[in-house]
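# structure of the sequence below:
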Amino acid sequence: MPAVGAKEEKALARTGTVPTARPETPREPPPPGASAESVIRGALARVRGLETLEPAYDAWLELRLAHGAARLRFQEEHERLEQQGSFLVGAVRAASQERASVGSAPTAESALTPADAPMRDFLRQAEEKLMRAREALAKDEAERESRYRTAFEELRATIRDRVRRYLAASPPRLRLLLRKVGATRAVLHVERVSGDAPLLLLYLFAERIPSRYGFLFDDSTEDVSLPPAPLYAEEGVAPGEVRPEALALVERVRVPGEVLPVKGFLPVFVPRPEGGEDFFRLLQRGPVMEVEVAEGPGFRGILTREESERFAGHLLRLKLEGRLELEVEAG
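All right, here's what the predicted structure looks like:
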């Protein structure tokens, strides 16, 4: 994953994307002067040149960094033009007031008198020049947004197609561990997976691709007094929405789209016999993933016998369909 510098962090924060570090070989972000075309071409060339998933996600993040930095530069240029326009109007008004007689200083509305025709012409020309600059900036911004949007669409489509192919060619393998708690309750664990398996499992369970390659093992937190958030602030999730209660998290997972910005867990919907679904999550914790079920505002890790059997049965059905390799161990 590319190294994220202070300027890139600022750019992503301003556009709702919060970078998360993971222990990989750092790569320098695109230089500030790099054009959108060169950044996009370079990212897409790497994706097209390699069939693996991780480099595609690295290119995706690099493109996010460049996009965030570009948006920040456009925003700063818009602000500069607004400042320049306001300054010019204020300067002309001040010059007119300075020329006015001491006893009849003009108001802001009548600052320019007929005697101030040269100043009025100066202001009009300056405003016309600023208007042309704003229009040119808006056109450039729209064209650049279009190029980035097209590149992001290609990246997502490429990743999605690869995940589908990998899933069909080599189903992921899970080992489900049952631990009884009394006569009627149980705790379910799933052994930790690695490599591309989290991406394949997310697509198997939710038919979506994650927004980050290392999403399942990302235990970073912006506040050390809080556990890691279950969502990234990207793909339509605002920074203040990364820690929803269980019901809101379920609704977020159900939102249609190609990309799911989940973090630290895998979502699983398990049908009920009477209709409807229960929402389970495989929460990554050290060497295992803990199976939890949504209940009220939170999640419960001690399952009833019926819940644990239904969850195991759901995985077994996927195994019988040839979409998952499953081993079950009761202890």
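# for the residue lying closest to R272 once chain neighbours are set aside, which three-state class applies?
Of all residues not flanking R272 in the chain, D278 sits nearest, at 6.2 Å (Cβ to Cβ, 6 or more residues apart in numbering). Where you see a C-beta, it was placed from the backbone N, CA and C, and this is true even at glycine. Three-state call for D278 (DSSP: H, G, I helix; E, B strand; the rest coil): strand.
# for D278, list the residues it contacts.
Shown in contact with D278 (Cβ atoms under 8 Å, 6 or more residues apart in numbering): 269-270, 272, 293-294, 307, 310.
# select only the buried ones of these in ChimeraX?
Burial among these is assessed by 16 or more other Cβ atoms under 10 Å; the matching ChimeraX selection reads:
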select :270,293,294,307,310
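# nearest to Q84, of the contacts of D278?
Proximity of these to Q84, judged by Cβ to Cβ, is greatest for A294, which lies at 53.2 Å.
# what's the helix or strand for the closest one?
Here A294, judged by DSSP states H and E, is contained in strand 288-295.
# for the helix or strand that that strand is followed by, packing partners?
Once the chain leaves strand 288-295, the next helix or strand it forms, by DSSP H and E, is strand 298-300. In terms of contacts (3 or more Cβ pairs under 8 Å, 6 or more residues apart in numbering; DSSP states H and E), strand 298-300 is packed against strand 288-295.
# partner strands of the strand it packs on and their direction?
strand 185-191 (antiparallel), strand 277-285 (antiparallel), strand 298-300 (antiparallel) (DSSP bridges).
# can I get the ones you listed in TSV including mean pLDDT?
Below are the strands paired with strand 288-295 laid out as TSV (pLDDT from 0 to 100):
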stretch	mean pLDDT
strand 185-191	96
strand 277-285	96
strand 298-300	96
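# right, so of those strands, which gets closest to K129?
strand 277-285 (56.7 Å).
# quick one: that closest one to chain centroid distance?
21 Å (Cα atoms, centre = their mean, to the nearest Å).
# likewise for stretch 200-220?
Centroid displacement of stretch 200-220 relative to its chain, using Cα atoms, centre = their mean, is 12 Å.
# need the contact partners of the strand holding A294.
Here strand 288-295 has contacts from 177, 187-193, 246-247, 249-250, 265-266, 278-283, 299-301, 303, 307-308, 311, using Cβ under 8 Å, 6+ apart.
# now it: buried residues?
By 16+ other Cβ under 10 Å, the buried positions in strand 288-295 come out as 288-294.
# same check on stretch 208-225?
Neighbour-count burial for stretch 208-225 flags 208-218 (criterion: 16+ other Cβ under 10 Å).
# before we move on, what about stretch 241-258?
Of all the residues in stretch 241-258, those buried under the rule 16+ other Cβ under 10 Å are 242, 244, 246, 249-250, 252-253.
# farthest pair in those?
Longest distance between any two of the buried residues of stretch 241-258 is 15.3 Å, between V242 and V250; criterion Cβ to Cβ.
# now stretch 155-174, how far from the centre of its chain.
For stretch 155-174, the distance to the chain centre is 20 Å (Cα atoms, centre = their mean).
# can you map out the helices along the stretch 101-250 of the chain?
117-169, 197-206, 246-254 (DSSP state H, counting those that start in this stretch).
# most tightly packed of the ones you listed?
Using mean count of other Cβ atoms under 10 Å, the stretch among those with the largest mean neighbour count is helix 197-206, at a mean of 22.
# for it, output the C-alpha coordinates as PDB.
The C-alpha atoms that make up helix 197-206 are tabulated as PDB, following Å, rounded to 0.1, in the frame of the first residue of the first chain:
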ATOM      1  CA  ALA A 197      -9.700 -15.500   1.400                       C
ATOM      2  CA  PRO A 198     -11.300 -12.600   3.200                       C
ATOM      3  CA  LEU A 199     -12.100 -10.900  -0.100                       C
ATOM      4  CA  LEU A 200     -13.600 -14.100  -1.500                       C
ATOM      5  CA  LEU A 201     -15.600 -14.800   1.600                       C
ATOM      6  CA  LEU A 202     -17.000 -11.300   1.600                       C
ATOM      7  CA  TYR A 203     -18.200 -11.700  -1.900                       C
ATOM      8  CA  LEU A 204     -19.600 -15.200  -1.100                       C
ATOM      9  CA  PHE A 205     -21.600 -13.900   1.800                       C
ATOM     10  CA  ALA A 206     -22.600 -10.400   0.600                       C
END
